[in-house]
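In: Coordinates for the following, if possible.
(one chain, ligands or ions: 1)
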Amino acid sequence: MHPLAPLRADEIDAARRTVLASGLADVPDDAVRFAYVGLCDPPKDVVRAVDRGEDVAVDRRVRLVVLQSPQAEVVEAIVSVTRGEVDRWEVVRDVRPALQIEESIMVLAALHAHPEWNAALDRRGIEDRSLVQIDPWPAGTFGLAHEEGRRITRCLAFLRESKEDNGYARPLEGLVAFVDMGRGEVLEVLDLGVVPFPPNHGSYYPEHNGPLRTDLKPLDITQPEGPSFEVEGNLVRWQKWSMRLGMDPLEGLVLYTVGYEDGGRVRPVLFRASVSEMVVPYGHPGPTQAWKSAFDAGEWGLGRMANSLTLGCDCLGEIFYFDDVHADERGRPRTRANAICMHEEDYGILWKHHDMVSGRTEVRRSRRLVVSSIATVGNYEYGFYWYFYMDGTMQLEVKLTGIMSTMAVAGDDAGPHAKMIAPGLAAPYHQHLFNVRLDMEVDGPDNAVYEVDALPTGNMGREENPWGNAFGTTSTLLESELAARRDVDPARSRTWRIVNRARRNAVGEPTAYKLLPGSTPTLLADPGSSVGRRAAFASHNLWVTPFEPEERRAAGDYPNQHGGGAGLPEWTVRDRPVVDTDIVVWHTFGVTHVPRPEDWPVMPVEYAGFSLVPTGFFDRNPALDVPPSPDHCHG
Ligand code: NI
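Out: Purely as a prediction, here's the structure:
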């Protein structure tokens, strides 16, 4: 078995049995819960040795976060399923795992039975309690007594007209409940006063949105000879690219050992890539909104919330699906069918030229490989789309859709921190900030990063710029972690070039890939605020660290109710050197969402992302060998 193969059901089962049989847990077996079960990444030298065809022993290890009490503590465990041994069992205090589904259900039952909650529903004239939708939110950290030593949630509620209705059309404004998730105990029901329900429903179902368009003709994508990729276990090969795919409960889709074949050998680009964290901070200061800041990777889990995808709907064409085998909260193996979708897309033209003298035209079609998964986290959907192109470029595009978090407003003024999206209904301003962890390996493990800006050359009229047209690029080596905390600058066309200084291309430059950022904000919250401390990774667009296997997640392993400062700010303050060594590049990107009526009742997709573009990695356009399409695209 390859060391990067996804965990199999029998390995997940073996990990659970090994933990229970070890006697290390303080509670009976049926009280043990598993908040995280994932592949413990093998040492890189083992992966490389296996990929070279060497016969090395592979120790398959599973990383677990175990819960054995309702308190603010977890057990971190590592189990070798090859040896049947527990390698690590460490109680970590004053941290919380991601929110648990079983506990969330307990929260709903506790609220339904609570007299103050029911009194608040009575004040809003709600008779049928089964139509009240309760959303348990990650609680954040605000120094309140409720938070101390507990795993808590803050709950917001919405009223549905029917079981299938869109509850976000009718918020129970002014109502928030604090609930101890571990104990299923209601701590406080805060009712700030009744705000009338908005008058309109928010259905996005076809039966409520007719008449439907009738002029759409079929658009079928057919590949009569099948797709051009090959799949072997989790290994994918397509158009000189090769990579392994995985699914982490928290990070979602993971790419391993991404490389491009050039001159008969695979040249590495990335050892591992994943969305290490994301945060959705809300910009409204009001009591039902100000605490909202969901870390959808670390507090819910992009893999845990992954969809089973449907042919012809989520993905169109000749599709290959990968299932996701994962553990439930009791550690038992479960299979999510069709969790990862892979297909090819036509992507317009790859390159073209018409020679005016000879009249000869050459044009090539571009095609990309698409590897995607979609997570539903509460009201929102996030689609993660990795694209691989024939010219050696790769790209991550996040597609944001779903339903906005809403608030009811008396009157028609949403104030300066929200927008009216329907009568009596507003959506607060917020951001979606993603952090991708790129364990780079451009032509080998030892890389360095340069910041490259384009700037005018001195003042017009001087010797170096007599006509005022001259501009050049500056290239600044980011030598250590503090110097490598950087932000985008579109006015300077800023990019970050990840180079291998031991390898040269045909023009004598180090081989490189550049990180081409999109138009992206950083965190707008104050650095001293609760979310500013917890999501400090989002205060810069770029961070670079030396590779360290335990540094995996941009806001640390336990962002839920964390006091802040964990992850990138904590690691990089050591200011370790990041030149000509095994480095990890962390890129924060996203959108600032100023809601609009067109985003209601369901959002058309909004996009965010970045590209990794070969920049002197190849000696010339690597896509000259793409053949012309049959018959009519050349000559
Ligand atoms: Ni949004």
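In: so V95 touches V75, yeah?
Out: No. Taking contacts as Cβ atoms under 8 Å, V95 lies outside contact range of V75: 10.7 Å. C-betas here are computed from N, CA, C, even on glycine.
In: what pLDDT, on average, does whichever helix or strand V74 is part of get?
Out: Assessed by DSSP states H and E, V74 sits inside strand 73-80. For strand 73-80, mean pLDDT rounds to 98.
In: Next up, phi/psi of the residue nearest to A14 when sequence neighbours are not counted, please.
Out: Among residues not flanking A14 along the chain, V81 sits closest, at 4.4 Å (Cβ to Cβ, 6 or more residues apart in numbering). When quoted as degrees, to the nearest 10, the phi and psi of V81 stand at phi -80, psi -10.
In: Next one: V81 relative to M181, how far apart?
Out: 30 Å (Cβ to Cβ, to the nearest Å).
In: So between the two, which is more surrounded?
Out: Using other Cβ atoms under 10 Å, the more surrounded residue of V81 and M181 is M181, with 23 against 20.
In: The more buried one: what's it in contact with?
Out: By Cβ atoms under 8 Å, 6 or more residues apart in numbering, the residues touching M181 are P70, L99, Q100, E103, S104, M106, V107, P136, R150, R151, I152, T153.
In: so what pLDDT did it get?
Out: So M181 comes in at 96 (pLDDT).
In: Tell me the bridge partners for the residue nearest the centre of the chain.
Out: Residue closest to the mean C-alpha point of the chain, counted by Cα atoms, centre = their mean, is V275 at 3.9 Å. Residues in a beta bridge with V275, per DSSP bridges, are V436.
In: if we can go back for a sec, among the contacts of M181, which are in strands?
Out: Residues of those located in strands (DSSP state E): P136, I152, T153.
In: bridging residues for the second one?
Out: If I follow you right, that is I152. Beta-bridge partners, per DSSP bridges, of I152: D180.
In: ok, back up a step: pull up the pairing partners for the strand holding V74, direction included.
Out: Sheet pairing of strand 73-80 (DSSP bridges) gives strand 61-67 (antiparallel), strand 85-93 (antiparallel).
In: So which residues make contact with it?
Out: So strand 73-80 is contacted by 14-15, 18-19, 24-25, 35, 40, 59-68, 85-97, 558 (Cβ under 8 Å, 6+ apart).
In: any weak-confidence spans in the stretch 501-635 of the chain?
Out: Within the stretch 501-635 of the chain, the ranges that satisfy pLDDT under 70 run 632.
In: Helices along that one, start to end?
Out: Secondary structure of the stretch 501-635 of the chain by DSSP state H, counting those that start in this stretch: the helices cover 530-534, 568-572.
In: For F434, which of these is the nearest?
Out: helix 568-572 (13.6 Å; Cβ to Cβ).
In: Mind giving me the packing neighbours of the closest one?
Out: Secondary-structure packing of helix 568-572 (3 or more Cβ pairs under 8 Å, 6 or more residues apart in numbering; DSSP states H and E): strand 542-546.
In: Deepest-packed of the strands paired with strand 73-80, please.
Out: strand 61-67 (a mean of 23; mean count of other Cβ atoms under 10 Å).
In: was I right about the residue nearest to the centre of the chain contacting D296?
Out: No. Taking contacts as Cβ under 8 Å, V275 lies outside contact range of D296: 9.4 Å.
In: Overlap of the contact sets of the two?
Out: With Cβ under 8 Å, 6+ apart as the test, V275 and D296 both reach L302.
In: check contacts around A470.
Out: P456, T457, G458, E464.
In: want to throw the ones in strands among the contacts of M181 into TSV with pLDDT and neighbour count?
Out: Formatted as TSV, the ones in strands among the contacts of M181 follow (pLDDT from 0 to 100; neighbours: other Cβ atoms under 10 Å):
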residue	pLDDT	neighbour count
P136	97	23
I152	96	29
T153	97	24
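In: Columns distance to Y282 on top of these, output as CSV?
Out: Converted to CSV, the ones in strands among the contacts of M181 look like this (distance: Cβ to Cβ, whole Å):
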residue, distance to Y282
P136, 16
I152, 18
T153, 16
